[in-house]
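Asks: test case, fold it:
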Amino acid sequence: MRVFRAWIPADMRAYAALQRSRALVLPPAVLRSAARIVGDVRRRGDAAVLAAVRRFDGVRLTRRTLRVAPAAIRRAWIGLPPADRRAMRVAWRNIVSFHLRQRERGYVMRTPYGVLEHVIRPLGRVGIHVPAGTAPLVSTMLMCAGAARAAGVRDLVLAVPPRWRGGVHPAVLAGAFLAGIDEVYAAGGPAGVAMLAYGTETVPAVDKVVGPGNLYTQAAEMLVQSGAGLMGPSELVVLADGSAAPAAVAADLLAQAEHAGDNWAVLVTPSRVLGAAVMAEVVRQVIRLPRAAVAARSLAGRSAVVLVRSMAAGLGVAERFAPEHLEIVGRGAEGIAARVRCAGTVLVGPWSPVAAADYGAGPNHVLPTSGMARHVSGLGVKDFVKHMNITRLTARGLGRLAPPLARLARLEGLEGHARSMEMNRG
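Replies: Numbers count the residues shown, from 1 in each chain. Sure, this is the predicted structure:
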């Protein structure tokens, strides 16, 4: 792990260069490739999806086997060990309970011109893309589905690449059963995204597609949804003082690093002693991880210890990073957390490891990365509802509004608009 001293200009220039490398830019080749697959699915439907599954996943499916049988979803739940079922129930209950508190109410406003109403309607049908790379991401499926269910979405559909013995991993299917999802398709990546967004002969289209994936998958989501936000490699910044337990801080950094070889794991601290102890613990613990090689790639390329003068200065360093996850451990952690503006999610105190939040403490773990936490929020109920307005003017109300509003219309050169408001409708 590289060490940067915040009071040394050369160090901070090097650290700034490291941060700039986070900028998530889709290479033109990735966009072109995703666009070809999306366009093919839009034109040829099922045939293009099946061809993509055969090409990228090495699995031959038919229209009949593209959809996972509901009985198989139920069997996956029944076949799950009881302890795993209990764990899933805990996570699901926490995720849904937390997101239910995010629900917004509409309102009715009585004005001199009539009654105005703001109503909030859940989306009718949402597709969730669940990656199937090196781990069965059942937690991601539960996060997406829990927020959607809390919003009131009626129909949820999963698209999952068939990477587990030529099919969908049973843990993901079990999670689908718990979430009440009986429509699961064994296709992912750009083809799966396009399948959900546009529909095929077999798959009815959805209103929105959510869920992470590799660059090709995210390029496809942008193409079908007109610029939906990208999610880059996952990130953790731990802001900790000398009272933090080095072994626990190291474990949190390694939990982040083991997820993928391009993840970010950064410690910001005013304590040289803690920094040195954490680096030693990282070396000691990483060799005992089953995914040590993956974690080591992250540690070699995208981890750092940033030494600062104080925790207040450390907050400034962390906010410039605008991380997906910001963990704050030490004296005054609550006060520091109250001042955070730029982070996807904040975890406060020694008993709030990122892994607990990621797996089901309640808040969603689908979060902005690559510095987008400056202006983008994490996944929540808001992403599964539409805000819609209803206008009911009275004759008297329109009579009072028409003169000034018609004048505005004529200011814009839209005479038809003006006449529409001035028209006698009796």
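Asks: distance from the chain centre to stretch 322-333, please.
Replies: The chain centroid and the centroid of stretch 322-333 are separated by 20 Å under Cα atoms, centre = their mean, to the nearest Å.
Asks: and that stretch, what's its mean pLDDT?
Replies: Mean per-residue pLDDT for stretch 322-333: 94.
Asks: report the buried residues of the top helix by length along the chain.
Replies: Using DSSP state H to assign secondary structure, the helix with the most residues in the chain is helix 82-100. For helix 82-100, a neighbour-count test (16 or more other Cβ atoms under 10 Å) marks Arg85, Met88, Ala91, Trp92, Asn94, Ile95, Val96, Phe98, His99 as buried. Every residue, glycine included, has its C-beta placed from N, CA and C.
Asks: my guess is the third one contacts Leu142. True?
Replies: Yes: counting by Cβ atoms under 8 Å, Ala91 touches Leu142, with 5.7 Å between them.
Asks: between the two, what contacts are shared?
Replies: Jointly contacting Ala91 and Leu142 under the rule Cβ atoms under 8 Å, 6 or more residues apart in numbering are Gly360.
Asks: what is the nearest of the buried residues of helix 82-100 to Asn263?
Replies: Proximity of the buried residues of helix 82-100 to Asn263 (Cβ to Cβ) peaks at Ala91, which lies at 21.6 Å.
Asks: helix, strand or coil: sort out Arg13 for me.
Replies: Put simply, Arg13 is helix when judged by DSSP: H, G, I helix; E, B strand; the rest coil.
Asks: ugh, wrong one, Lys386
Replies: Assigned state for Lys386: strand (three-state reduction, three-state DSSP).
Asks: show the pLDDT at Gly227.
Replies: Listed pLDDT for Gly227 reads 46.
Asks: check Gly79 too.
Replies: We note a pLDDT of 94 for Gly79 in this prediction.
Asks: show the contacting residues for the closest residue in space to it that isn't next to it in sequence.
Replies: Excluding the flanking residues, the one nearest Gly79 by Cβ to Cβ, 6 or more residues apart in numbering is Pro170, at 6.5 Å. Pro170 makes contact with Ala76, Gly79, Leu80, Trp164 under the criterion Cβ under 8 Å, 6+ apart.
Asks: quick check: the gap between the second one and Leu173.
Replies: To tie it back to what came earlier, the one meant is Gly79. Gly79 sits 9 Å away from Leu173 when distances are taken as Cβ to Cβ, to the nearest Å.
Asks: number of nearby residues for Phe384?
Replies: If you count neighbours by other Cβ atoms under 10 Å, Phe384 ends up with 23.
Asks: and the closest residue to it other than its chain neighbours, how many neighbours does it have?
Replies: Once flanking residues are discounted, Phe384 sits nearest to Ala151: 3.6 Å by Cβ to Cβ, 6+ apart. As a burial measure, Ala151 scores 23 neighbours (other Cβ under 10 Å).
Asks: show me what contacts Ala151?
Replies: His99, Arg103, Pro122, Leu123, Val381, Asp383, Phe384, Val385.
Asks: which of those residues count as buried?
Replies: Neighbour-count burial (16+ other Cβ under 10 Å) is assigned, among the contacts of Ala151, to His99, Pro122, Leu123, Val381, Asp383, Phe384, Val385.
Asks: which of those residues sits closest to Ala356?
Replies: His99 (16.9 Å).
Asks: could I get the contacts of Ala151 as a markdown table with pLDDT and distance to Ser352?
Replies: Putting the contacts of Ala151 into a markdown table (pLDDT from 0 to 100; distance: Cβ to Cβ, whole Å) gives the following:
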| residue | pLDDT | distance to Ser352 |
| --- | --- | --- |
| His99 | 93 | 19 |
| Arg103 | 89 | 25 |
| Pro122 | 89 | 31 |
| Leu123 | 86 | 31 |
| Val381 | 88 | 22 |
| Asp383 | 86 | 24 |
| Phe384 | 84 | 26 |
| Val385 | 83 | 29 |
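Asks: and which of those residues is nearest Glu221?
Replies: Nearest to Glu221 out of these is Asp383 (Cβ to Cβ; 12.7 Å).
Asks: right, and the closest one touches Asp207 too?
Replies: No: using Cβ under 8 Å, Asp383 is not in contact with Asp207; the gap is 11.3 Å.
Asks: overlap in contacts, those two.
Replies: With Cβ under 8 Å, 6+ apart, Asp383 and Asp207 have no common neighbours.
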